[in-house]
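Engineer: missing the sequence, but the structure's below:
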Ligand SMILES: [Zn+2]
Ligand SMILES: [Zn+2]
């Protein structure tokens, strides 16, 4: 594979789609000409475009409010953190080409070269002041992941559901999107358009341009997942998505996200370097506590899952993944029993938005389940693949991005596309 100049790619796409759109509108050319152009477009450029342009579905708060600003499009009401506690609307400057979509959830589709996308993602996912080696590691995994989505080789985690009267096990993955490759929210990778990136960070990203993570035995692309904090041990793929495990994503102890040996100032300094302001609500998520009310569980079960088993009397862990994340949780109500999984569904069930993770122990409040339960948890997110807080700690301790990647993705190596 070969990276072609980005401007050329964007230009070709714009020119061709504009011609197709003109042809559609123009009575003189009619549909035959439009079809002809579309076929040419497919034959000559499909391979090139498939490999190097990415399309992103973007949700908006209400009708999209857009205006042209230089070479970019200013989107005034981009919705971020949908259904999470940080949900809000922001202004975003979108590079590349923007089109309105028919999808009621993702009203804007943004097409742009993959390297431009990565610059925006690294800027959107974390603080641009993050350590250089951490940013480089993130650029490599974000590129590997995005490329996997474009060429469709990561279908392993597609949507699935077991919907029985006493068992509701479901998961959804990024393969669910139709009409675009990835969405702009945390479901895929956080993308918020052009981000101010310091020159030093840009240099770090450019130094990894074209680098992806592959399996060192068969050279296939690693499905490079990542989450905020594994909680001390990484999780396997099947605990979160489809019932199969991927060789590049294993479970192992991670000593790096435990920041308890650092002083309060050093810990705050590390977290503020990698998390955006609205992510600073907790202490990195290594350990956390929450309480949950029986009536709230019943309400969430009804509203989010359409099920009612009466008053919730007890909760019991049926299975856990190797990191301690609960993969199946049994709810016992006065009208029936229901098992819920996998980890994201459990997180949705036990909090108004999402619980930090499904790795928690359950204790009844005042020894009476009817009073609710205290949850003692660890980790933030699914815990599969790279642990962002651990990786940042490694980078600040002097490790290179290659060290970081070989630690979090054992059996992988860096390859050039
Ligand atoms: Zn998505
Ligand atoms: Zn970790």
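Structural biologist: Received it, and whenever you're ready, just let me know what you need. These figures come from a predicted structure and were not determined experimentally. Ligands and ions are numbered 1, 2, ... in the order given.
Engineer: which of the residues in stretch 212-221 are buried?
Structural biologist: Buried positions in stretch 212-221, judged by neighbour count with 16 or more other C-beta atoms under 10 Å: 212, 213, 214, 215, 216, 221. Backbone N, C-alpha and C define where each C-beta goes, glycine included.
Engineer: Check those residues one by one and keep those near ligand 1.
Structural biologist: Among the buried residues of stretch 212-221, no residue lies close to ligand 1 (C-beta under 5 Å from the ion).
Engineer: Point out where the stretch 1-150 of the chain drops to low pLDDT.
Structural biologist: Within the stretch 1-150 of the chain, the ranges that satisfy pLDDT under 70 run 1-51, 123-126, 128.
Engineer: so which residue of the stretch 301-417 of the chain comes closest to ligand 2?
Structural biologist: Here the residue of the stretch 301-417 of the chain nearest ligand 2 is residue 387; by C-beta to the ion that distance is 3.0 Å.
Engineer: separation between that residue and residue 226?
Structural biologist: 7 Å (C-beta to C-beta, to the nearest Å).
Engineer: Name the residues contacting each of the two.
Structural biologist: Taking C-beta atoms under 8 Å, 6 or more residues apart in numbering as the criterion, residue 387 and residue 226 both touch residue 408.
Engineer: ok, the two, which is more surrounded?
Structural biologist: Neighbour totals were compared for residue 387 and residue 226, and residue 387 leads with 32 against 23 (other C-beta atoms under 10 Å).
Engineer: does the more buried one really touch residue 257, like I thought?
Structural biologist: Yes - counting by C-beta atoms under 8 Å, residue 257 is a contact partner of residue 387 at 5.1 Å.
Engineer: Need the residues touching each of the two.
Structural biologist: Residues touching both residue 387 and residue 257 (C-beta under 8 Å, 6+ apart) are 229, 230.
Engineer: picking that back up, dig out what the residue of the stretch 301-417 of the chain closest to ligand 2 forms beta bridges with.
Structural biologist: Following DSSP bridges, residue 387 is listed with bridge partners residue 227.
Engineer: show me the contacts for it.
Structural biologist: Neighbour list for residue 387: 226, 227, 228, 229, 230, 234, 254, 256, 257, 408 [criterion: C-beta under 8 Å, 6+ apart].
Engineer: could you check the distance from it over to residue 360?
Structural biologist: As judged by C-beta to C-beta, residue 387 and residue 360 stand 17 Å apart.
Engineer: Next: residue 193.
Structural biologist: Distance of residue 193 to residue 360, computed by C-beta to C-beta: 35 Å.
Engineer: can you check residue 375 too?
Structural biologist: 4 Å.
Engineer: same check, this time on residue 227
Structural biologist: 16 Å.
Engineer: of all the residues in the stretch 201-350 of the chain, which ones are close to ligand 2?
Structural biologist: 230, 254, 257.
Engineer: Neighbours of the first one, how many?
Structural biologist: So that's residue 230. Neighbour count of residue 230, defined by other C-beta under 10 Å: 36.
Engineer: ok, it touching residue 383?
Structural biologist: Yes - with contact defined as C-beta under 8 Å, residue 230 counts as touching residue 383 (4.0 Å).
Engineer: which neighbours do those two share?
Structural biologist: Residues touching both residue 230 and residue 383 by C-beta under 8 Å, 6+ apart: residue 323.
Engineer: Run a quick neighbour tally on the residue of the stretch 201-350 of the chain found nearest ligand 1.
Structural biologist: Nearest residue of the stretch 201-350 of the chain to ligand 1 (C-beta to the ion) works out as residue 344 at 12.6 Å. Burial measure for residue 344: 21 neighbouring residues, criterion other C-beta under 10 Å.
Engineer: Can you list the buried residues in stretch 182-191?
Structural biologist: 182, 183, 184, 185, 186, 187, 188, 189, 190, 191.
Engineer: count of residues packed around the residue lying closest to the second one once chain neighbours are set aside?
Structural biologist: Pointing back at residue 183 there. In space, and not counting its chain neighbours, residue 183 is closest to residue 57: 4.5 Å by C-beta to C-beta, 6 or more residues apart in numbering. Using other C-beta under 10 Å, residue 57 has 24 neighbouring residues.
Engineer: gap between residue 57 and ligand 2?
Structural biologist: Per C-beta to the ion, to the nearest Å, residue 57 is found 30 Å from ligand 2.
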